[in-house]
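Asker: Mind looking at a prediction? Sequence and model below.
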Amino acid sequence: MTHLTQSNTWQQLSQNAAALPHMRDLFAQNPSRFEQLSVKDCGLLLDYSKNRVNDETLTLLFKLAEEVNLSDKIAAMFNGDIINNTEGRAVLHTALRSKPEQVIMAEGCDIVPEVQQTLAKMTQFVESVQQGHWKGHTGKAITDIVSIGIGGSFLGPKIVSQALRPYWVKGLNCHFVANVDASSICEKLKLLDAETTLFVMSSKSFGTQETLTNTLSAKDWFLANGGSQADVAKHFVAVTSNVVKATDFGIDASNIFPMWDWVGGRYSLWSAIGLPIALLVGMDNFKQLLDGAHQMDNHFANAPFEQNMPVIMGMLSVLYGNFHHAQSHVVLTYDHYLRGLPAYFQQLDMESNGKSVMLDGTEVDFSTGPVIWGGEGTNGQHAYHQLLHQGTALIPADFIMPLQSHNPLGEHHNQLASNCFGQTQALMQGRTFDEALAELSGKHLPDSEKALISKHKVMTGNKPSNTLLMDKLTPSTLGSLIALYEHRTFVQGAIWQINSFDQWGVELGKLLGNDVLDRIGAENDASELDSSSNALINLYRQGQI
Ligand SMILES: O=P(O)(O)OC[C@H]1O[C@H](O)[C@H](O)[C@@H](O)[C@@H]1O
């Protein structure tokens, strides 16, 4: 057994989880449960009262957090210690949203000045594109941005841009290309005019196959549609930490926006990787986004655990994964603009906490990161919510909703809100057999039929959920919300003592993919591969099954 699962607190949590009354009873016993189990800060309200916790559970969860020195680990991240031990890197995405007067050291250097210089370079560029001063090769202003990147260099910019749609400036549109499937870029390019299109190529490493291939195809398209080699500088910019590779590739040195090793891909939207966001919503709004995240950083670093939203949410996730055998976690956004957020949190959490060994190499004997999935309310209610209510798996849920709509229209928002709150209530209280039977009392059915139907209508309830509310979806509240989930992910990783900041599983996939590509392209012998891989390669070469 690992020292974690051996600990008294772990054992006590296990006993507490098994003995806890139904949430219905917990609510009935304590009319102040909402007041006691909700926190408001950084423009967000977290209601975690509909969780399987009593005072003892929370005390034990915070005790566990103290026993693994969570406070010290939080401080180590903010201080720039090398907490990504397998890659020898600091983890300082929080520095990207710091204030200019702060001093933050990474490997002996204050990094705040370079962060500020990059923001200033972004401001200059964004203003010149938005105001039409940046001209394409025929002298026309830019109307369309094509953002090319993948993973962290794609999802953050795409989902935040989508979320901030009400803040877009007039006259600029953005298209996101990630997939190496040519259909993706071809469908986008069909709609565009090379004279007024600007490509933003985002790759921290400048070595990602999909991004390089898509960028080369974009360049070919540009050259085939009236642009010359000398015009490329007016239509291609790059964001990368590998300036040498970018200039070798042909990107003009003045068109390169830097980022750094101490920013992980899935934590990078706050850096110049967020350039497409800034182009769409303007630098003031981009800085509001950073400011919202900065507020959450301060909250995470300073609030006591009992009031600390990321700590509470992270510990609840530990509770369900390790003591209630939950294997997935659903994120339900009751806001059209936030429809992409579940996918973003999926990458954030699953790439960070999908690990099986602890920092010291010990194999874990407990579950780590759950499967994160989800979608847009109310759509999911007419589909997979059935399984949330009556399936056999326990799936904790997060409901996220702004109180005010960007598009107030008739009864829409009242209905949206009632659905959101109604779902959390139904999950929590469920429906007993007697309640189901009572609902059928007016029906002319034999008693045996009523009993049978009632059995099918029983919902055990006691299904946990968090509800996160904000006044309105703004750049600042969105920044706080995303930073909340980043830190929630950190908290889980800290309890499990895993490295939440590397991704060796993804790296192996890349390596083997390249090896197969060599064999497919050059018609090299693949016979020493396993029979399945060999056969698939041969079928691909034949082009028919
Ligand atoms: O930004 P890049 O270097 O092109 O990397 C893009 C993505 O590639 C990977 O496979 C990583 O798992 C992601 O975390 C990263 O964001």
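Answerer: That came through, no problem.
Asker: What helix or strand is the closest residue in space to residue 503 that isn't next to it in sequence located in?
Answerer: Closest residue to residue 503 apart from its sequence neighbours, by Cβ to Cβ, 6 or more residues apart in numbering: residue 351 at 5.3 Å. In short, each C-beta sits where N, CA and C put it, glycine included. Under the criterion of DSSP states H and E, residue 351 resides in helix 341-353.
Asker: Averaged pLDDT, that helix. What do you get?
Answerer: Helix 341-353 shows a mean pLDDT of 98.
Asker: Mind listing what's buried along the helix or strand that that helix is followed by?
Answerer: The first helix or strand that comes after helix 341-353 along the chain, using DSSP H and E, is strand 371-376. Buried residues in strand 371-376, defined by neighbour count with 16 or more other Cβ atoms under 10 Å: 372, 373, 374, 375, 376.
Asker: Next up, the contacts around the fourth one.
Answerer: Under the criterion of Cβ atoms under 8 Å, 6 or more residues apart in numbering, the contact partners of residue 375 comprise 332, 333, 339, 342, 384.
Asker: Could you check the pLDDT of it?
Answerer: What the model reports for residue 375 is a pLDDT of 97.
Asker: what pairs with it across the strands?
Answerer: For residue 375, the beta-bridge partners under DSSP bridges are residue 332.
Asker: gap between the closest residue to the ligand within the stretch 351-500 of the chain and residue 315?
Answerer: Going by Cβ to the nearest ligand atom, the ligand is nearest to residue 351 of the stretch 351-500 of the chain, at 5.9 Å. According to Cβ to Cβ, to the nearest Å, residue 351 stands 21 Å off from residue 315.
Asker: element containing residue 537, please.
Answerer: helix 531-542.
Asker: Packing partners of that helix?
Answerer: Here helix 531-542 touches helix 504-522, going by 3 or more Cβ pairs under 8 Å, 6 or more residues apart in numbering; DSSP states H and E.
Asker: circling back: with distance to residue 408 and neighbour count as added columns, please give the contacts of residue 375 in JSON lines.
Answerer: JSON lines is the format used below for the contacts of residue 375 (distance: Cβ to Cβ, whole Å; neighbours: other Cβ atoms under 10 Å):
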{"residue": "332", "distance to residue 408": "22", "neighbour count": "28"}
{"residue": "333", "distance to residue 408": "18", "neighbour count": "27"}
{"residue": "339", "distance to residue 408": "19", "neighbour count": "17"}
{"residue": "342", "distance to residue 408": "25", "neighbour count": "22"}
{"residue": "384", "distance to residue 408": "29", "neighbour count": "16"}
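Asker: can you pull the contacts of the residue in the stretch 401-545 of the chain that the ligand sits nearest to?
Answerer: Closest residue of the stretch 401-545 of the chain to the ligand, Cβ to the nearest ligand atom: residue 506 (3.8 Å). Shown in contact with residue 506 (Cβ under 8 Å, 6+ apart): 151, 351.
Asker: again, 6 Å this time
Answerer: Shown in contact with residue 506 (Cβ atoms under 6 Å, 6 or more residues apart in numbering): no residues.
Asker: continuing past the helix or strand containing residue 238, what's the next helix or strand?
Answerer: For residue 238, the element it lies in under DSSP H and E is strand 236-240. As assigned by DSSP H and E, the chain's next helix or strand after strand 236-240 is helix 243-249.
Asker: partners of the helix or strand just after that following helix, with directions?
Answerer: Proceeding N to C from helix 243-249, the next assigned helix or strand is strand 256-258, under DSSP H and E. Strand 256-258 has the following strand partners under DSSP bridges: strand 236-240 (parallel).
Asker: and the partner strand, does that touch the ligand?
Answerer: No - judged by Cβ under 6 Å from any ligand atom, strand 236-240 and the ligand are separated, with a smallest distance of 7.6 Å.
Asker: Name the surrounding residues that touch that strand.
Answerer: Contacts with strand 236-240, where a contact means Cβ under 6 Å, 6+ apart, come from 199-203, 206, 246, 251, 255-257, 272-273, 275.
Asker: filter these down to the ones near the ligand?
Answerer: residue 203.
Asker: From the contacts of strand 236-240, pick the one nearest residue 395.
Answerer: Of all these, residue 395 sits closest to residue 273, with 31.5 Å by Cβ to Cβ.
Asker: Any idea how many residues pack against the closest one?
Answerer: Residues near residue 273, counting by other Cβ atoms under 10 Å, number 28.
Asker: do residue 439 as well
Answerer: Neighbour count of residue 439, defined by other Cβ under 10 Å: 14.
Asker: now do residue 165
Answerer: As a burial measure, residue 165 scores 13 neighbours (other Cβ under 10 Å).
Asker: Show the pLDDT at residue 526.
Answerer: Note on residue 526: pLDDT of 67.
Asker: Pull up the residues of the stretch 201-350 of the chain that are close to the ligand.
Answerer: Contact residues (Cβ under 6 Å from any ligand atom) of the stretch 201-350 of the chain with the ligand: 203, 204, 205, 208, 211, 265, 266.
Asker: before we move on, the earlier item: now, which of the contacts of strand 236-240 sits nearest residue 121?
Answerer: Using Cβ to Cβ, residue 257 comes nearest to residue 121 of these, at 6.3 Å.
Asker: Assess the claim that the closest one and residue 272 are in contact.
Answerer: Yes - counting by Cβ atoms under 6 Å, residue 257 touches residue 272, with 3.6 Å between them.
Asker: Compare these two (neighbour count), which wins?
Answerer: Ranked by neighbour count (other Cβ under 10 Å), residue 257 and residue 272 place residue 272 first, with 26 against 21.
Asker: any idea which element residue 407 lies in?
Answerer: Residue 407 is part of no helix or strand, with elements assigned from DSSP H and E.
Asker: So which of the residues of the stretch 201-350 of the chain next to the ligand wins on neighbours?
Answerer: Within those, neighbour counts (other Cβ under 10 Å) peak at residue 203, which reaches 29 neighbours.
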